[in-house]
Each structure stands twice: as C-alpha cells, then as structure tokens.
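Novice: Compute the structure for the input listed below.
(one chain, ligands or ions: 3)
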Amino acid sequence: MAPCLQYTLIMKNKIFLTTIAASLLCFAQTAPAITIDGAFGLSEWAGYYSSDDVVGSGGFVGPGYGGQAFDVEYLGLQIKNNTVYFGLQTGFNLANGVRLDGINYTPGDFAIDTNNDGNYDYAIDFAISSGVPSYSLYSASSWQNSMYAQHHVADPFQLATGTLIPTAFTGAYGSGVYASNSNGGMSYVLEGSFGLDSLAAYSGGPVTLHWTMSCGNDYLNVTSTPVPEPSSLILLGSGLTGAALWAARRRKRA
Ligand SMILES: [Ca+2]
Ligand SMILES: [Ca+2]
Ligand SMILES: [Ca+2]
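Specialist: Ligands and ions are numbered 1, 2, ... in the order given. Predicted coordinates for the structure are as follows:
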C-alpha cells in the first residue's frame, strides 16, 4: 500500500478528484486474493470476515459454554468476479463433531441470506472425508434451530427442508494449532467457492453468511457487499479523471 499512499499524497495538492481515482485503482491492484487452501489467513480475508476468537470465564463462548472446542473464531464471505468465497475457522471439530457428556454435537450448515432480511435463503451442507470437503447448495424452505431455547440468537442450525441446486464448488479443509487462535488448542478450517449465478434469488446489495453447531453454544455472522469489478473501477477512475481534466481546463479558461 505504501507506494499508492505516497502517490495519493503527491496528488493531494493537485486535483482532489484525480486523488480519488488513483486511490481506487491502487486499492484494486493491492487487495490480496483469497486462496481456497484450508488455511484461514487474516490478510487474505481482510475486510471480509467477522471475528469472535474469545473464551471467557468458565469456558464461556457466548451464548453458551464449552471452551475452545465450541469457539467459533472467524467467518469470511467475499463476493468477487461473480464468485462467492466463504471461509470458517472454529475450535469445533468440523470433520467428526464433538462428543461431550454422552451427547454428540454436530456442525451446522452455512446459511446465506441473500437480501439481508433475516430469512436465510440458501444452505451449504458439507461432509469431510479423508480431509477433503464436499459441498451441496440448497435453496432453503425451512430451518432447524439449535438444541437449547436460550441459544436462539445462534439460530438457525441446519437446513430442515430445501431443494438441491447442482453447483460446482472448489473446497479445502485444514486443522491445526494456528497463531490466529488467541487461547490455544486445535482449530478447524473450511474454505470454499462457487459461482454467484447459483444464487438465483440474489439481486445485488449486501449478503449475510451465518454458521453455528447443533447446541448453538457459539455462532458468527458476516455481512459483505460484492467487491466492484476491476473494469467498473477503471471506468469509475477514468470518469473521475475526465471530470478532473474538465475542471482544470475550465479553471485555465477563467
Ligand atoms: Ca485460505
Ligand atoms: Ca479460540
Ligand atoms: Ca433473505
């Protein structure tokens, strides 16, 4: 970012509009790309994730307890170049679930709200076999809530009824002890991507992604607005530069 910043500062004393255009072009060039590799890099997801990597007193992860094994740490969503990228890092074992005090807890589906009205319109179900995830996209008709009434803020948990939308995904799964986990222990990661065209109900604007596990002990939401296409940034940039040149010529004539 440093050379861009410098350029912007130099331009600052000249024409304000050109500064905006230059900044937009610099931003488009330097934004790191998301890599679907099963590692949730905070730099690759920068600007497109929510974070709740906190284990409090008695193992409180909010709204429930359970410590690192139930801590939902990072949830990422980016829509760019007509592609939806999603990513999750959690202390919850995404491959095997968690068995505690004789109860099996299972991971939920990713829930997608395409028009940000609080109703989740799509679900991404997943299975992990020999370290390789497979994803299925559904148009959601109804949802199943988490097990405990006092955890309702974590709802929904998983799809109850829906219609499968045949969709090609890329995906990767990983697990390990990551520096991004502040309280120690294992974390589990899923990343994936698919074409935005599969979300037929989407008509622009912000999209919300949600994830929790069957007990709803912890959850995360992230809301993202699609990244402008580089072509539209260049158009916007050249439009602003044109406006600046016009303004400069006008000043000269006066
Ligand atoms: Ca990654
Ligand atoms: Ca943690
Ligand atoms: Ca909705």
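
Novice: Ligand 2 contacts on this structure?
Specialist: Counting by CB under 5 Å from the ion, the chain comes close to ligand 2 at Asp53, Asp71, Glu73, Asn181, Asn183. Just so you know, the C-beta spots here come from the backbone N, C-alpha and C atoms, and that holds for glycine as well.

Novice: what about the stretch 1-150 of the chain, any weak spots by pLDDT?
Specialist: Regions of the stretch 1-150 of the chain meeting the criterion pLDDT under 70 cover residues 1-31.

Novice: Which parts of it are helices?
Specialist: Using DSSP state H, counting those that start in this stretch, the helices of the stretch 1-150 of the chain run over 2-12, 16-30.

Novice: ok, back up a step: of the residues of the chain next to ligand 2 - the most surrounded one?
Specialist: Within the residues of the chain next to ligand 2, Glu73 tops the neighbour count with 29 neighbours, counted by other CB atoms under 10 Å.

Novice: Closest one to Phe157 out of the residues of the chain next to ligand 2, please.
Specialist: Closest approach to Phe157 among the residues of the chain next to ligand 2 (CB to CB): Asp71, at 16.9 Å.

Novice: Backbone dihedrals for that closest one, both of them.
Specialist: Per-residue torsions, Asp71: phi -80, psi 120 (degrees, to the nearest 10).

Novice: Correct me if wrong: it contacts Val61.
Specialist: Yes - in terms of CB atoms under 8 Å, Asp71 counts as a neighbour of Val61; the distance is 4.9 Å.

Novice: what do those two both touch?
Specialist: Asp52, Val54, Val55, Asp218 (CB atoms under 8 Å, 6 or more residues apart in numbering).

Novice: Tell me which residues touch the third one, please.
Specialist: Read that as Val55. Residues in contact with Val55 (CB under 8 Å, 6+ apart) are Val61, Gly67, Gln68, Asp71, Asn183.

Novice: Distance of Leu159 relative to Asn96?
Specialist: Distance of Leu159 to Asn96, computed by CB to CB, to the nearest Å: 20 Å.

Novice: Compare neighbour counts for those two and give me the winner.
Specialist: Shown here are Leu159 and Asn96; by other CB under 10 Å, Leu159 has more neighbours (23 against 11).

Novice: Quick check: which element contains that one?
Specialist: Element membership for Leu159 (DSSP states H and E) is strand 158-165.

Novice: contacts for the following helix or strand past that strand?
Specialist: For strand 158-165, the following helix or strand on the C-terminal side (DSSP H and E) is strand 170-176. Identification of contacts with strand 170-176 by CB under 8 Å, 6+ apart yields 36-39, 93-95, 126, 128, 131-135, 186-194.

Novice: buried subset of the residues you listed?
Specialist: With neighbours counted by 16 or more other CB atoms under 10 Å, the contacts of strand 170-176 contain buried members at 36, 38-39, 93-95, 126, 128, 133, 135, 187-194.

Novice: So which residues of this structure form strands?
Specialist: 49-51, 72-80, 83-90, 98-100, 103-105, 110-113, 122-129, 132-144, 158-165, 170-176, 187-195, 207-212, 219-224 (DSSP state E).

Novice: out of those, nearest to ligand 1?
Specialist: Ligand 1 sits nearest to strand 187-195 of all those, at 5.1 Å, using CB to the ion.
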